[in-house]
Structures are given as C-alpha cells and as structure tokens.
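> the following comprises the amino acid sequence and a computationally predicted model.
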Amino acid sequence: MKPKLILMSHGKMAAETVQSAKMIVGDLIEATVVSMTEVDGLSGTTDKLLKLLEPLGNDPVLIIADLKGGTPCNVALMQMNARPNLRVLSGLNLAMVIEAAVSPIEEIDELVDCLSDIGKNAVEKIELPELDDEEEYEE
C-alpha cells in the first residue's frame with residue numbers, strides 16, 4: 001500500500017503546491033493538506049493534523065512539511081512516537097510532491113529516501129551556458 005501523503009505548511013503553501021502539482025500530473029496526486037494560519041499556533045495545528053491522522057489508523061503516512069524547525073514540522077514530529085508508520089520530511093517543494101504522486105514505490109522508508117534526494121536535486125543554481133568566441137559571433 002502506498003503511503004498516504006499529507007503536506008503541511010505555514011499559510012497556503014501546501015495547498016497551492018498540491019494545486020500546482022495537479023496542473024502537471026492531474027488527479028494522480030492524492031494529498032491532504034494542513035495549512036497553519038496565524039492564529040493556529042501549536043495546538044490548532046496539532047488539532048488539524050490529528051483530524052487527518054485519526055481515520056488512517058496504522059496506515060503508512062508521509063508528511064512533507066515546509067520548514068525544518070517550524071511549527072508544522074514540529075507538530076508532525078510530535079506524532080512520530082505514537083505512530084510507527086509515520087515519516088516526516090522537511091523542505092516541501094513541487095518536485096517532491098510530483099514524484100510522490102507518480103512514484104511506484106510503496107515502501108515508506110524507500111519513498112522517503114527517494115523524495116529526499118528528489119527535493120535536494122530540485123535546488124540548483126541555473127546559469128547561462130558559456131559561449132566560446134566563435135559561437136558568439138556566428139549568425
């Protein structure tokens with residue numbers, strides 16, 4: 001069974017990332033979202049997450065949070081002791097979400113390792129290619 005995917009963020013980043021992923025992969029993406037508002041704090045964000053986790057029982061769940069050390073990520077981490085099939089990744093980005101949607105990987109730890117690599121590799125400095133003198137002047 002493929003892990004359930006929950007995206008967590010400050011504000012609407014997680015929800016908008018899901019919408020962006022749907023533009024690319026359509027309805028292949030199955031993710032739920034916890035969007036922390038300014039007034040939620042730790043307790044409100046925890047309540048939102050628990051409402052999503054409770055019906056899942058012991059199913060494998062992968063939470064991708066926006067920022068390591070931020071409230072959404074910390075809330076997710078606090079659930080790991082009670083849920084042995086829960087994994088948390090930080091650094092939410094579109095490449096990770098798309099890969100989570102299309103990946104055939106069902107084993108949660110293997111998926112976490114894959115998505116971690118995808119997320120890291122999605123961050124790259126883009127530069128213009130250098131042209132040698134002949135290429136610059138050819139028309």
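Good, I have the coordinates. Residues are numbered from 1 along each chain as shown.

> how about residue 54, secondary structure?
helix (DSSP: H, G, I helix; E, B strand; the rest coil).

> quick check, pLDDT for it.
For residue 54, the pLDDT comes out at 97.

> same question, residue 27
88.

> quick one: residue 42 from residue 59, how far?
As judged by Cβ to Cβ, to the nearest Å, residue 42 and residue 59 stand 25 Å apart. To be clear about C-beta, it is placed using only N, CA and C from the backbone, and glycine gets the same treatment.

> tell me which helix or strand residue 19 sits in.
Element membership for residue 19 (DSSP states H and E) is helix 13-25.

> does anything pack onto that helix? Which helices or strands?
Taking 3 or more Cβ pairs under 8 Å, 6 or more residues apart in numbering; DSSP states H and E as contact, the helices and strands that helix 13-25 lies on are strand 4-10, strand 31-36, helix 94-102.

> mean confidence for the shortest one?
When pLDDT is averaged over strand 31-36, the result is 98.

> ok, the first one next?
Throughout strand 4-10, pLDDT has a mean value of 98.

> now do the longest one
For helix 94-102, mean pLDDT is 97.

> that one packs against which elements?
Applying 3+ Cβ pairs under 8 Å, 6+ apart, one finds that helix 94-102 makes contact with strand 4-10, helix 13-25, strand 31-36, strand 61-65, helix 108-121.

> quick test: name the residue nearest the centre of the protein.
A centroid search over the chain (Cα atoms, centre = their mean) returns residue 64, at 3.5 Å, as the residue closest to the centre.
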